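Peer 1: Quick one, fold the following:
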Amino acid sequence: MAFVELKIQIEKAVAEPLDELLLDHGALAVTYEDAEDHPILEPGPGETPLWQQIVLTALFDGDIDTEVLLASLQSNAIWPTTGHARFQPVADQDWIRAWKDRFKPEPFGNRLWVCPSWHPVPAEATVPLLLDPGLAFGTGSHPTTRLCLQWLDGQMLAGKHVLDYGCGSGILAIAAGKLGASALTAIDNDPQALLATRENAERNAIDPAMLTVSLPPLADDFRCDVIVANILAEPLRQLAPAFARWLPAGGKLVLSGLLAEQGDELRQRYAPWFDNLVITRHEDWIRLDGVRNSN
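Peer 2: This is a model prediction of the structure:
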């Protein structure tokens, strides 16, 4: 079966009504992509956030009259007047293949590989993490996730309790579990992220007894050996005293979700509690890691 897809760049404000309009006009599927490379790293509770500028793609049966369809869409008041709509044919398998080809097995360090379910696990993948893209972001493709995965791959985590604060898809907690951690705590303020984390943990045969998944806050007496937090600069500033309280002397901290220009200020913020604070950069993003001191 052949299909035709419509693409148009829109603003966030019209996404929902436009989605409904397209479905009412026979769209089989509607998808969104970031038009400006502005990742969403920390959704709010219960939110399914969108970017400010979006590339919307709608899939229709190939026998639809695109001129009639476009005229009908443009006659509706919510149809954007600035975006240029374009149609292109796409075969059934091409549509599916084009989406899946974006996600292939990929290494993150010497041991860890992230592998989607439709690809065989590479022979060289010593520690495969099985993860498909879904509603909660986090497949390792973003530089901040990559930086955290590479750090985890280089650690000896056997017997360690790892906290993934702002877990998203659960990729960092699950990676820590696959790399030998004995206890995992995954925290996020979005219930969808918690659901995705539980499902991905089950797919990766993570023992439910070693995994705690919950909304914040954590108990006052919470303690762990490693904290990984891939969120945003402002919450990381606010969380510094709590992270220091949860880690014993010698405990390790990894922060990301940070733009390069935010690194020095965050390093100063954490310096009273953490030594050996090192900034590692990938593209425009950084990772900050350090070791809890005895202060």
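Peer 1: how many neighbours does the residue nearest to W151 when sequence neighbours are not counted have?
Peer 2: Take W151 and drop its neighbours on the chain: the residue closest to it by C-beta to C-beta, 6 or more residues apart in numbering is V254, 5.3 Å away. Every residue, glycine included, has its C-beta placed from N, CA and C. Using other C-beta atoms under 10 Å, V254 has 22 other residues around it.
Peer 1: V254 sits in which helix or strand?
Peer 2: Assessed by DSSP states H and E, V254 sits inside strand 252-259.
Peer 1: same thing with L18?
Peer 2: Using DSSP H and E, L18 sits in helix 15-24.
Peer 1: what distance separates whichever helix or strand comes after that helix from the middle of the whole chain?
Peer 2: Once the chain leaves helix 15-24, the next helix or strand it forms, by DSSP H and E, is strand 29-34. Its chain's average C-alpha position is 16 Å from that of strand 29-34, according to C-alpha atoms, centre = their mean, to the nearest Å.
Peer 1: Parallel or antiparallel, list what pairs with strand 29-34.
Peer 2: Take DSSP bridges as the rule and strand 29-34 pairs in its sheet with strand 53-61 (antiparallel).
Peer 1: Mind listing what's buried along the strand it pairs with?
Peer 2: I54, V55, L56, T57, A58, L59, F60 (16 or more other C-beta atoms under 10 Å).
Peer 1: picking up where we left off before, just the CA trace of the strand holding V254, in PDB.
Peer 2: In PDB, the C-alpha atoms belonging to strand 252-259 read as follows (Å, rounded to 0.1, in the frame of the first residue of the first chain):
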ATOM      1  CA  LYS A 252      30.200   9.800  43.200                       C
ATOM      2  CA  LEU A 253      28.100  12.500  41.400                       C
ATOM      3  CA  VAL A 254      27.400  12.900  37.700                       C
ATOM      4  CA  LEU A 255      25.400  15.900  36.400                       C
ATOM      5  CA  SER A 256      24.300  16.700  32.900                       C
ATOM      6  CA  GLY A 257      21.600  18.400  30.900                       C
ATOM      7  CA  LEU A 258      24.000  21.400  31.000                       C
ATOM      8  CA  LEU A 259      25.100  23.800  28.300                       C
END
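Peer 1: name the helices or strands packed onto the next helix or strand after that strand?
Peer 2: Next in sequence after strand 252-259, counting helices and strands by DSSP H and E, comes helix 263-270. Helices and strands touching helix 263-270, by 3 or more C-beta pairs under 8 Å, 6 or more residues apart in numbering; DSSP states H and E, are helix 233-246, strand 252-259, strand 274-282, strand 285-292.
Peer 1: What helices and strands are in contact with the last one?
Peer 2: Contacts defined by 3+ C-beta pairs under 8 Å, 6+ apart place strand 285-292 against helix 143-153, strand 252-259, helix 263-270, strand 274-282.
Peer 1: check contacts around the residue nearest to W151.
Peer 2: By C-beta atoms under 8 Å, 6 or more residues apart in numbering, the contact list for V254 reads C148, W151, L152, V226, I227, V228, A229, R287, L288, D289.
Peer 1: would you turn those into JSON lines with pLDDT, neighbour count and distance to V121?
Peer 2: Below are those laid out as JSON lines (pLDDT from 0 to 100; neighbours: other C-beta atoms under 10 Å; distance: C-beta to C-beta, whole Å):
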{"residue": "C148", "pLDDT": "96", "neighbour count": "28", "distance to V121": "21"}
{"residue": "W151", "pLDDT": "97", "neighbour count": "21", "distance to V121": "22"}
{"residue": "L152", "pLDDT": "98", "neighbour count": "27", "distance to V121": "19"}
{"residue": "V226", "pLDDT": "98", "neighbour count": "21", "distance to V121": "26"}
{"residue": "I227", "pLDDT": "98", "neighbour count": "23", "distance to V121": "29"}
{"residue": "V228", "pLDDT": "98", "neighbour count": "25", "distance to V121": "24"}
{"residue": "A229", "pLDDT": "97", "neighbour count": "23", "distance to V121": "29"}
{"residue": "R287", "pLDDT": "97", "neighbour count": "24", "distance to V121": "26"}
{"residue": "L288", "pLDDT": "98", "neighbour count": "24", "distance to V121": "32"}
{"residue": "D289", "pLDDT": "98", "neighbour count": "21", "distance to V121": "28"}
